[in-house]
Structures are given as C-alpha cells and as structure tokens.
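Colleague: need coordinates for the following:
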Amino acid sequence: MANLNSIVQQIEAVTGHTLSNHQLQSIGGGSINTAYQLSTDDHAYFIKLNQAHLVDMFEAEARGLEEMRALNCVRIPEVICFGQADGHSYIVLEYIELGSLRGSAAGLLGTQLAQLHSHSQPFFGWHIENTIGSTPQHNDREYDWLTFYSQQRLAKQLQFAAKNGFTGRLQARGQQLLTQLPLFFDNYSPKPALLHGDLWSGNAAADPQGNPVIFDPACYYGDREADIAMTELFGGFGNDFYAAYQAQYPLDPGYKTRKTLYNLYYIINHLNLFGGGYLSQSENMIEQLLAEI
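Modeller: Numbering: from 1, shown residues only. Model (predicted):
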C-alpha cells in the first residue's frame with residue numbers, strides 16, 4: 001500500500017481534523033488511477049493517486065468539480081486538496097458512499113443536469129486544458145462551435161490516432177467527415193453550456209439519500225448535446241433520466257443524428273487509450289455519418 005503520510009498531513013492542515021488513528025482501504029479508482037478511502041470514526045476522504053508529473057490532470061479535475069459544485073444544481077464531491085507528495089500526484093475529495101443510479105435518482109439527475117446545462121458563458125472552451133481519460137483535451141477559447149468541435153475535438157483525436165499508428169481508412173474518411181461537418185448544423189446553433197464532459201454511467205451514482213452524484217469530469221463549455229450523447233454510450237442512464245431532461249430542457253430534433261457525431265469523439269479516444277478493439281467501431285461511425293449527408 002502506498003505511503004500517504006504527507007497527504008494525510010495535508011488533509012489535516014486543510015481541514016483542521018486529526019487523522020492520527022485513520023484507516024486506509026484500497027478501493028476502485030477507475031482505469032488510470034489508484035484510489036483509497038481514508039477514514040476515522042468521524043471523517044472519511046477519497047484519495048486518488050497517479051504519477052507525480054500528472055498533477056495538472058488533478059488540478060483540472062479539481063477546478064471542474066469546483067465550478068459545477070458552485071452552481072448547486074447536482075451533488076458534486078467537495079474538493080479537499082490536490083498536489084504532489086510522497087512521490088505521487090493526488091487529489092482528495094469528500095468520501096461519499098455511492099449506490100446505483102436508478103428510479104427517482106435517475107429522473108432527478110435528468111432535471112439537475114438540464115439545470116447545469118442552462119449555465120452559459122460567451123465562448124466555447126474553458127480557462128484551462130484538461131484530459132479525457134488521460135488524453136489531453138484542448139479548450140482554447142472559440143466563439144464558433146463548429147470550429148471548436150472540428151479543430152479541438154475530432155481533429156485532435158484523429159491526430160492522436162495517426163501518431164498511435166491508426167492510419168489508412170480512419171484518417172481518409174475522418175478527414176472527409178471534417179469537411180462535411182457544417183451539414184450537421186443546418187438551422188442549429190448551440191450556445192455554450194457547462195458540460196461535465198465525461199458523463200458515462202461509471203461517473204454518476206446516487207448517495208444513500210437518493211441524491212444523484214456526478215464526478216470525474218472533463219469540464220468545458222460546449223454543446224449540451226455532447227453530454228447527453230455520452231450518457232447513451234456504455235449502457236445509458238434509463239428512460240426516467242431522459243424523460244426528465246427533455247421535460248426540463250428539450251433537445252433539438254437533430255440531436256438524433258448529431259449524437260453519433262459527438263460519440264465519435266469518445267470512441268476514437270477509447271481507440272487511443274485502449275487500442276485497436278475500437279478501430280472498426282470508429283470507422284463504422286464515420287461511415288454512418290457520411291451516409292447521412
């Protein structure tokens with residue numbers, strides 16, 4: 001088990017709590033981090049660790065959590081601290097006992113996410129870069145969504161894929177798709193909405209009181225359809241969620257086509273993170289989109 005003495009001392013300094021008799025338990029931290037629950041009789045914290053040089057990744061996560069939490073729309077874990085210590089980069093959050101998101105909790109999340117998406121700013125992007133998984137995600141300020149999504153999302157993932165050796169058809173058809181993107185935005189001009197950015201079912205849960213909780217964000221301001229599209233990957237969030245979201249903030253009819261365009265970003269990212277098992281799915285999604293034109 002990792003030596004976390006300096007991190008424990010930092011938690012004590014920030015919170016004023018004495019943690020000398022704490023217990024440390026290894027728990028799931030996702031595919032790229034290791035994680036622990038640190039607890040005493042009175043307090044509990046969630047600690048994620050990674051390599052020391054990845055501290056910027058945890059800073060971006062902290063800033064995203066803080067920005068969403070400040071809006072008070074949906075429950076977001078409180079950030080305690082983050083930094084470098086004991087040979088690791090780390091982030092410490094309040095520990096929340098999490099259960100499955102279903103029934104009334106799923107419906108409530110639909111309403112609350114619609115409220116989160118109603119918060120806007122004048123431009124697309126964000127004030128810092130972050131990551132989607134461990135892949136760099138660029139968030140340079142842009143006033144035109146089509147330019148932002150083309151250059152800073154799809155084109156970047158295709159560039160990463162080329163560097164990873166995925167060339168040929170993926171690149172040729174992907175570049176063709178990039179030239180045709182305006183056709184998917186006829187009569188649709190999204191406004192910048194605060195996005196969670198990585199909202200699949202593994203990043204949403206419910207607390208013991210049935211309140212939805214979302215975490216592990218990759219925040220930026222973009223088209224809200226991108227968040228909703230990702231909720232439909234890897235199992236989906238259930239009918240109660242989608243009905244509640246639509247009742248609060250109805251989607252444009254063109255979403256049914258654009259959701260494949262938005263999910264292509266996440267699938268090519270999986271190709272870049274996890275390898276060739278996602279290549280045919282990426283290519284097939286591009287062909288599906290080109291066939292819509």
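
Colleague: okay, now the unreliable bits of the chain?
Modeller: 1, 29-31 (pLDDT under 70).

Colleague: the domain parsing of it - what is it?
Modeller: 5-94, 104-291 (automatic domain parsing).

Colleague: and the last one, how far apart are its ends?
Modeller: Taking Cα to Cα, to the nearest Å, the first and last residues of domain 104-291 lie 38 Å apart.

Colleague: now it, how far from the chain's geometric center?
Modeller: 9 Å (Cα atoms, centre = their mean, to the nearest Å).

Colleague: which is the succeeding secondary structure element to the helix or strand that contains residue 61?
Modeller: When elements are assigned from DSSP states H and E, residue 61 belongs to helix 55-71. As assigned by DSSP H and E, the chain's next helix or strand after helix 55-71 is strand 79-85.

Colleague: strands paired with that next one, and their directions?
Modeller: Strand pairing for strand 79-85, using DSSP bridges, gives strand 88-94 (antiparallel).

Colleague: angle of the partner strand against helix 55-71?
Modeller: 20 degrees (axes from the mean of the first three to the mean of the last three Cα atoms, to 10 degrees).

Colleague: the strands in the stretch 1-150 of the chain, which residues?
Modeller: Assigned by DSSP state E, counting those that start in this stretch, the stretch 1-150 of the chain shows strands spanning 23-27, 34-39, 44-51, 79-85, 88-94, 130-132, 135-137.

Colleague: list the buried ones in the third one?
Modeller: It refers to strand 44-51. By neighbour count on 16 or more other Cβ atoms under 10 Å, the buried set for strand 44-51 is 45, 46, 47, 48, 49, 50. In short, each C-beta sits where N, CA and C put it, glycine included.

Colleague: packing partners of it?
Modeller: Under the contact definition 3 or more Cβ pairs under 8 Å, 6 or more residues apart in numbering; DSSP states H and E, strand 44-51 sits against strand 34-39, helix 55-71, strand 88-94.

Colleague: spatially central, which residue of this structure would that be?
Modeller: In the chain, the C-alpha nearest the mean C-alpha coordinate belongs to residue 198, at 2.1 Å (Cα atoms, centre = their mean).

Colleague: would you agree that one falls within a strand?
Modeller: No. In this structure, residue 198 is coil, not part of a strand, as judged by DSSP: H, G, I helix; E, B strand; the rest coil.
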